[in-house]
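Trainee: following is a predicted model, sequence given first.
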Amino acid sequence: MGLPSRRFGKGDPDVMMDINTTPLIDVMLVLLVMLIITIPIQLHAVNLEMPVGTPPNDAIKPEKVQIDIDEKSTVYWQGLPVNAAELEEKMNAISTMTPQPEVHIRPNKDCQYAVFANVLSSSKRKGLSKMAVIGHEQFVQ
């Protein structure tokens, strides 16, 4: 009795169409373990450096200076119109005060930007550090 030939004959086995997934799963598990090991441990704490000692006494509240710019680009210092020279002079005076006053600039949305920029740049030149532009809600459309 002879063995049937695998190359010729009706007893040819079907072609196997399945892929062997065992090596793929092994590689994925190794990669997963490596990933877990290499990820640094996340701390759920936030390190804060809090100040030590007593807080400073803010008994002296700084004065507030209001600078308005209307729609005709006229500059007002505490409600009184001023020109560029007077504005520079008044800024010189408040820059030497201790504590330095807070300067609130309130431009109108229709004023010229050059006038507003001039007020900001002159305050910067004079060393005024407590500046605020207020009334910016009017610029939001």
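Mentor: Good, I have the coordinates. Numbers count the residues shown, from 1 in each chain.
Trainee: give me the buried positions along whichever helix in the chain runs longest.
Mentor: Identified as the longest helix of the chain according to DSSP state H is helix 22-38. Buried residues in helix 22-38, counting neighbours by 16 or more other C-beta atoms under 10 Å, are absent. C-beta coordinates here come from the backbone N, C-alpha and C atoms, glycine included.
Trainee: what helices or strands is it leaning on?
Mentor: Using 3 or more C-beta pairs under 8 Å, 6 or more residues apart in numbering; DSSP states H and E, no helix or strand is in contact with helix 22-38.
Trainee: any idea how far it is from the chain center?
Mentor: 39 Å (C-alpha atoms, centre = their mean, to the nearest Å).
Trainee: so what touches the helix or strand just after it?
Mentor: Toward the C-terminal end, the helix or strand that comes next after helix 22-38 (DSSP states H and E) is strand 64-69. In this structure, residues lying in contact with strand 64-69 by C-beta atoms under 8 Å, 6 or more residues apart in numbering are 75-79, 87, 94, 101-108, 111, 115-116, 119.
Trainee: picking that back up, and for the longest helix of the chain, what are the contacting residues?
Mentor: So helix 22-38 is contacted by nothing (C-beta under 8 Å, 6+ apart).
Trainee: can you report how many residues lie near D68?
Mentor: Number of residues near D68 (other C-beta atoms under 10 Å) recorded here: 20.
Trainee: quick one: which of the contacts of strand 64-69 sit in helices?
Mentor: L87, I94, V115, F116, V119.
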